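A.B. asks: Pasting a predicted model and its sequence here:
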Amino acid sequence: MILEAAILNVIPGNETQFENDFATAGQYISVIKGYIKHSLHKCIEQPNQYLLLVEWETLEDHTIGFRQSPQYLEWKKLLHLYYDPFPLVKHYAEV
């Protein structure tokens with residue numbers, strides 16, 4: 001299992017709409033081969049910052065399977081306009 005982690009900095013004032021659109025975007029990621037689950041966490045100290053965690057069976061399920069899919073284009077269309085700066089995404093393996 002691979003854990004994808006991304007800190008999402010949302011343009012201030014757009015948090016509620018981002019959360020609504022993120023809930024909609026879940027339908028696009030959840031149908032991808034190798035997807036296990038995802039969760040979104042809101043930062044307490046900085047309310048426009050979120051932590052996205054996604055579990056994948058393999059790294060390629062995310063980097064190729066999702067990012068090269070039509071579903072990713074829909075995800076991107078819904079969510080990428082909220083980020084400033086664009087998130088840095090990292091992948092982790094359990095030790």
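C.D. replies: Okay, I see it.
A.B. asks: Could you count how many residues lie near the closest residue to residue 69 other than its chain neighbours?
C.D. replies: Nearest residue to residue 69 in three dimensions, chain neighbours excluded: residue 32, at 6.3 Å (CB to CB, 6 or more residues apart in numbering). For every residue, glycine as well, the C-beta is placed using N, CA and C. Neighbourhood size, residue 32 [other CB atoms under 10 Å]: 18.
A.B. asks: can you map out the helices along this structure?
C.D. replies: Ranges of helices within the chain are 15-29, 59-60, 70-79, based on DSSP state H.
A.B. asks: show me what contacts the residue nearest the centre of the chain?
C.D. replies: For the chain, the residue nearest the mean C-alpha position is residue 52 (5.2 Å; CA atoms, centre = their mean). Residue 52 sits next to 4-8, 38-41, 87 when contact means CB atoms under 8 Å, 6 or more residues apart in numbering.
A.B. asks: and the gap between it and residue 26?
C.D. replies: 11 Å (CB to CB, to the nearest Å).
A.B. asks: Find the residues that touch each one of these two.
C.D. replies: In contact with both residue 52 and residue 26: residue 38, using CB under 8 Å, 6+ apart.
A.B. asks: returning to what we had before: among the helices of the chain, which comes closest to residue 46?
C.D. replies: When those are compared by CB to CB, helix 15-29 sits nearest residue 46, at 10.7 Å.
A.B. asks: quick revisit: out of the contacts of residue 52, who has the most neighbours?
C.D. replies: Going by other CB under 10 Å, residue 8 tops the contacts of residue 52 with 21 neighbours.
A.B. asks: What residues are bridge-paired with the residue nearest to that residue when sequence neighbours are not counted?
C.D. replies: Excluding the flanking residues, the one nearest residue 8 by CB to CB, 6+ apart is residue 50, at 4.3 Å. Beta-bridge pairing for residue 50 (DSSP bridges): residue 8, residue 42.
A.B. asks: what sits against residue 50?
C.D. replies: 7-8, 10, 18, 40-43.
A.B. asks: Could you measure from it over to residue 24?
C.D. replies: Where residue 24 is concerned, residue 50 sits at a distance of 15 Å (CB to CB).
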